[in-house]
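>>> show me the folded form of this:
(one chain, ligands or ions: 1)
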Amino acid sequence: MQKRVFLHTTVLALTAFFGANSVAQDNKFKIGLILPMTGQQATTGRQIEAAARLYMAQNGDSVAGKKIELIVKDDTSIPDVTKRLAQELVVNDKVNVLAGFGITPSALATAPIATQSKTPEVVMAAATSSITQASPYIVRTSFTLPQAAVGMADWAPKNGIKKVVTLVSDYGPGLDAEKYFKDRFLFNGGQVPESLRVPMRNPDFAPFLQKVRDLKPDALFVFVPSGAGAAVMKQFLERGMDKAGIRLIGTGDVTDDDQLNDMGDGALGVVTSHHYSAAHPSPVNKKFVEAFEKANKGLRPNFMAVGGYDGMRVIYEALKATKGQGGGDALLAAMKGQIFESPRGPMFIDAQTRDVVQNIYLRKVEKQNGQLYNVEFDVIKDVKDPGKNK
Ligand code: PHB
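Just a heads-up that it's a prediction; the model follows:
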């Protein structure tokens, strides 16, 4: 009798335990945020994690009856590690969404997992055009290099720059930047006597810059991933390239807001084209920058932070639209076509391509209140990724 009562109680207790647990599970909405928190791309991880946490602090961690849980994993920007982490997050943690992805190879390595498990993959940083074609479950909130590069290729020839040498990191986004800048610049009547590619990991720019000096172009067009811009700027100035009459131009990755203020006055006057500047003069952005700096000991948000912040917005709104019921397919459908005002300006997620359509700004490094900023002076509105027009 005693034993029976004990057994009965145990079964009840177990039922209660698992019952409660599964309810807790059902009430949770898990976002697996895979980022480079250490290594060469660590600034990207730091910026995106800070932005995601800010979004949650401002919008609450309860959405449509679900408690949002952010699970941050460091992939050290090694794609094999990204893939293993994505697998673990889907299989063990049963995340509802995969997000982050500091570099293109990491986003691509995760694509098959997103497809097989029908889990939306929100790409907040990586920017090679083809990424969104690697899985129908990928949605992008960052930008694409073709999108940013063609703006510069249109601006430069109208501003006395006829001969340009390109210098890019030798992988996806660099090759996109090189191709789309060059094709458009040649079309506009410019000349590109040389296209240089530097290794993605631990590049030494010195021998390449020497070559550029010898070629004496009007400008050097640069793409390096976020975090590497300061090294380029330093060596460019140390070699007196500016004094030799060579201008530095590029996509805004090179005058990254995370590093710009430490680059010194040598950076003044550098013109780049990009989708985000911390100096973007809108009330929404002013509020964002202020809140971000306040929450992060004065750290200035860069374009990676904005990709993370808007990525969280896209996820939150998809969860709301599906009334907390969304499986992968429903969430994905609710992410497509979202249109809103971001700190970068207006943006929308093209339902056809799942890629971001946004303004591209021309900006010049100037001093505002004693600090260096990318100050916007022109805008090309609602730019679709030119890489999708093929
Ligand atoms: C990328 O790997 O896709 C990437 C990384 C950093 C950037 C842009 C693109 O600034």
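
>>> all strands of the stretch 1-150 of the chain, in order?
With DSSP state E, counting those that start in this stretch, the ranges of strands along the stretch 1-150 of the chain come out as 28-35, 62-63, 66-74, 97-100, 121-123, 138-140.

>>> buried set for stretch 349-357?
Neighbour-count burial for stretch 349-357, counted by 16 or more other Cβ atoms under 10 Å, picks out Ile349, Asp350, Thr353, Arg354, Asp355, Val356, Val357. C-beta here means a position set from N, CA and C on the backbone, and glycine is covered the same way.

>>> what's in contact with it?
Residues from elsewhere that reach stretch 349-357 (Cβ atoms under 8 Å, 6 or more residues apart in numbering): 132, 136, 138-144, 314, 335-339, 347-348, 382-385, 388.

>>> buried ones among those residues?
When these are checked for burial by 16+ other Cβ under 10 Å, the buried set is 132, 138-144, 314, 335-336, 338, 347-348, 383-385, 388.

>>> so what pairs up with Gly250 in the strands?
Val222, Thr272 (DSSP bridges).

>>> how about it, what does it touch?
Gly250 touches Met152, Ala177, Phe221, Val222, Phe223, Thr272, counting by Cβ under 8 Å, 6+ apart.

>>> now with 7 Å?
Listed by Cβ atoms under 7 Å, 6 or more residues apart in numbering, the contact partners of Gly250 are Met152, Phe221, Val222, Phe223, Thr272.

>>> for those residues, which one is nearest the ligand?
Nearest to the ligand among the contacts of Gly250: Phe223, at 7.7 Å, using Cβ to the nearest ligand atom.

>>> filter the buried ones among the contacts of stretch 349-357 down to the ones close to the ligand.
The subset of the buried ones among the contacts of stretch 349-357 within reach of the ligand, by Cβ under 6 Å from any ligand atom, is empty.

>>> surely Gln47 meets Phe303?
No - look at Gln47 against Phe303 with Cβ atoms under 7 Å: they stay out of range, at 8.6 Å.

>>> what's the neighbour count on the residue lying closest to Gly151 once chain neighbours are set aside?
Spatial nearest neighbour of Gly151, excluding adjacent residues (Cβ to Cβ, 6 or more residues apart in numbering): Ser273 at 3.5 Å. Other residues within reach of Ser273, judged by other Cβ atoms under 10 Å, total 26.

>>> got the phi and psi for the residue nearest the centre of the chain?
For the chain, the residue lying nearest the average C-alpha position, counting by Cα atoms, centre = their mean, turns out to be Ala125 (2.0 Å). The phi and psi torsions at Ala125 (degrees, to the nearest 10) take the values phi -130, psi -50.

>>> what residues are up against it?
By Cβ under 7 Å, 6+ apart, the contact set of Ala125 is Thr44, Ile48, Phe101, Gly102, Ser142, Met304, Gly307.

>>> what is the neighbour count of Leu216?
You called it Leu, but residue 216 is Lys. Number of residues near Lys216 (other Cβ under 10 Å) recorded here: 12.

>>> and the pLDDT for it?
For Lys216, the model assigns a pLDDT of 97.

>>> residue numbers of the stretch 101-250 of the chain in contact with the ligand?
By Cβ under 6 Å from any ligand atom, the residues of the stretch 101-250 of the chain that approach the ligand are Ile103, Thr104, Ala126, Ala127, Thr128, Gly172, Pro173, Pro225, Ser226.

>>> quick one: which of those sit in helices?
The helices, defined by DSSP state H, take in Thr104, Gly172, Pro173 from these.

>>> kindly reformat those as CSV containing neighbour count and pLDDT.
Formatted as CSV, these follow (neighbours: other Cβ atoms under 10 Å; pLDDT from 0 to 100):
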residue, neighbour count, pLDDT
Thr104, 27, 98
Gly172, 21, 98
Pro173, 28, 98
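
>>> rewinding a little: Gln47 and Phe303: who's more crowded?
Gln47 (32 against 28).

>>> which ones are touching whichever residue of the stretch 251-390 of the chain sits closest to the ligand?
Residue nearest to the ligand within the stretch 251-390 of the chain: Asp253 (3.9 Å; Cβ to the nearest ligand atom). Applying Cβ under 7 Å, 6+ apart to Asp253 gives the contacts Phe223, Val224, Pro225, Ser226, Gly229.

>>> no further queries at this time; thank you.
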